[in-house]
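# got a predicted structure plus its sequence, pasted below:
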Amino acid sequence: MREGAHPGRIAAYPAQEPSHEATQVWKTSFVTPRRRVAGKSTTREPIIQEPVSFDLEPEATRRTAGAAESSRANRGWWDRNADDYQIEHGTFLGDDRFVWGPEGLDEVEAELLGPPEELKGKDVLEIGAGAAQCARWLAAQGARPVALDLSHRQLQHALRIGGSFPLVCADAGALPFADGSFDLACSAYGALPFVADPGLVLREVRRVLRPGGRFVFSVTHPVRWAFPDEPGPEGLSVANSYFDRTPYVEQDDEGQAVYVEHHRTLGDRVRDIASAGFRLVDLVEPEWPAWNTSEWGGWSPLRGNLIPGTAIFVCERD
Ligand SMILES: C[S@@+](CC[C@H](N)C(=O)[O-])C[C@H]1O[C@@H](n2cnc3c(N)ncnc32)[C@H](O)[C@@H]1O
């Protein structure tokens, strides 16, 4: 099942090579703009190796971006920005909490993977795990998690925080596991917002799940794509077509993508899930809770009280 993966070190699998295409701006930011594309690592503790720096400010555009180009760009972006992401969001996420998104919905209360007491002994794959906070919470419930991410630097943060479960560096579109390896799979904003072919990821997840397995994943709520990605009042007016699936791309001065996000409408997501052989058993749109006064990029109490910011899909395979 966990070929090449061992606790305490990162097993790496190659991603595909890039390809190109072209078109027209915006979307979401996981790290606040002043920190984006930072040239220097500022992690709290020294860890294994520095990511390659990238000093020029990229251009934001909307244009097509294929699977290989998206994968290559996002692996580089998350390697360069993992330190800032963990500094900026690590406290909110907690080292061993399972938070589904910027609203702060916690798996302890949501129980979307089932009652916590039933997780004991379950094989669980976390996709786009980042620093593996969710996997750490799963391990604390007695589950056997495997944390997978495209970014080596994100997984180095998982190592820094610690935990005795496997870390696997691989693309969600090519899962390096045998069929039927897991009871459950989960992804909190990992991979699905970033891939050109979400159907491929869903088919891969279905393949590695055992019959009766459940996959729960969260993404930016599709309706957010119609609005500017701003936390304030300017983020409340529709400015873009909800139906425009053209990816959001940041590119360097040679037109090479350095960051990509892909948009799917709600209907697209439902069809992707059904075509991959899953049953959609719930769609959760967390409401912004009164206790949460934090902003996370374009997610804010102001907007969160008016429009959904996160969509969580609960899928099962027969
Ligand atoms: C917004 S972060 C979410 C990480 C973590 N779940 C959290 O809440 O902090 C997105 C993560 O998805 C990873 N990712 C992006 N594209 C991916 C892909 N194609 N396959 C696997 N992971 C991917 C990134 O490297 C990043 O760590």
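Sure thing, it's come through. Numbers count the residues shown, from 1 in each chain.
# quick one: the strands in the chain?
With DSSP state E as the criterion, the chain has strands at 10-12, 59-62, 123-127, 144-149, 167-169, 182-188, 209-220, 248-251, 257-261, 278-284, 310-317.
# looking at those, which is buried most?
Looking across those with neighbours counted as mean count of other C-beta atoms under 10 Å, the highest average goes to strand 144-149: a mean of 28. Bear in mind the C-beta positions are built from the backbone N, C-alpha and C, glycine included.
# mind checking if that one is in reach of the ligand?
Yes - using C-beta under 6 Å from any ligand atom, strand 144-149 comes into contact with the ligand via Asp149.
# report how many residues lie close to Phe243.
Using other C-beta atoms under 10 Å, the number of residues around Phe243 comes to 11.
# right, and Arg210 touches Phe182 too?
Yes - with contact taken as C-beta atoms under 8 Å, Arg210 and Phe182 are classed as touching, separated by 6.7 Å.
# got the contact list for the closest residue to His263 other than its chain neighbours?
Spatial nearest neighbour of His263, excluding adjacent residues (C-beta to C-beta, 6 or more residues apart in numbering): Trp225 at 4.8 Å. Taking C-beta atoms under 8 Å, 6 or more residues apart in numbering, we find Trp225 in contact with 27, 240, 242, 244, 263.
# any idea which of the residues you listed has the most stuff around it?
Using other C-beta under 10 Å as the neighbour test, the contacts of Trp225 are led by Lys27, with 25 neighbours.
# possible to save the contacts of Trp225 as TSV with distance to His221?
Below are those laid out as TSV (distance: C-beta to C-beta, whole Å):
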residue	distance to His221
Lys27	12
Asn240	14
Tyr242	11
Asp244	16
His263	11
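# looking at the residues you listed, spot the one nearest the ligand.
Nearest to the ligand, judged by C-beta to the nearest ligand atom, of the contacts of Trp225 is Lys27 at 12.7 Å.
# pLDDT score for that closest one?
Per-residue pLDDT puts Lys27 at 51.
# same thing with Val260?
At Val260, pLDDT is 98.
# now the nearest residue to it once chain neighbours are set aside: how far from Asp123?
Leaving aside its sequence neighbours, Val260 sits nearest to Ser70 (C-beta to C-beta, 6+ apart; 4.2 Å). Computed as C-beta to C-beta, to the nearest Å, the Ser70 to Asp123 distance reads 28 Å.
# so who does whichever residue of the stretch 201-318 of the chain sits closest to the ligand touch?
Residue of the stretch 201-318 of the chain nearest the ligand, by C-beta to the nearest ligand atom: Val201 (7.3 Å). Contacts here follow C-beta under 8 Å, 6+ apart; on that basis Val201 touches 127, 172-173, 191-192, 195.
# turn these into CSV, including distance to His89.
Formatted as CSV, the contacts of Val201 follow (distance: C-beta to C-beta, whole Å):
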residue, distance to His89
Ile127, 18
Ala172, 20
Gly173, 25
Ala191, 17
Leu192, 18
Val195, 21
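# can you narrow these to ones near the ligand?
Among the contacts of Val201, the ligand is touched by 172, 191, 195 when using C-beta under 6 Å from any ligand atom.
# find the residue closest to the first one in space, skipping its chain neighbours.
In this case it means Ala172. The nearest residue in space to Ala172 (C-beta to C-beta, 6+ apart) is Ala191, at 3.8 Å.
# ok, the last one next?
Nearest residue to Val195, sequence neighbours excluded (C-beta to C-beta, 6+ apart): Val201, at 5.5 Å.
# if I average pLDDT within each of the strands of the chain, which one is lowest?
Minimum mean pLDDT among the strands of the chain: strand 10-12, a mean of 69.
# and Ala191, how far is that from Gln156?
Per C-beta to C-beta, Ala191 is found 18 Å from Gln156.
# I misspoke; the intended subject was Ala82.
7 Å.
# cool, Ser300 as well?
Distance, Ser300 to Gln156, using C-beta to C-beta: 30 Å.
# now do the contacts for the nearest residue to Trp100 once chain neighbours are set aside.
Closest residue to Trp100 apart from its sequence neighbours, by C-beta to C-beta, 6+ apart: Ser218 at 4.7 Å. Contacts of Ser218 were listed using C-beta under 8 Å, 6+ apart, and they are 100-101, 187-189, 310-313.
# please repeat the previous calculation with a cut-off of 7 Å.
Shown in contact with Ser218 (C-beta atoms under 7 Å, 6 or more residues apart in numbering): 100-101, 188-189, 310-312.
# of these, list those near the ligand.
188-189.
# max pairwise distance over the contacts of Ser218: which two?
Using C-beta to C-beta, the pair of those lying farthest apart is Ala188 and Ala311, separated by 12.1 Å.
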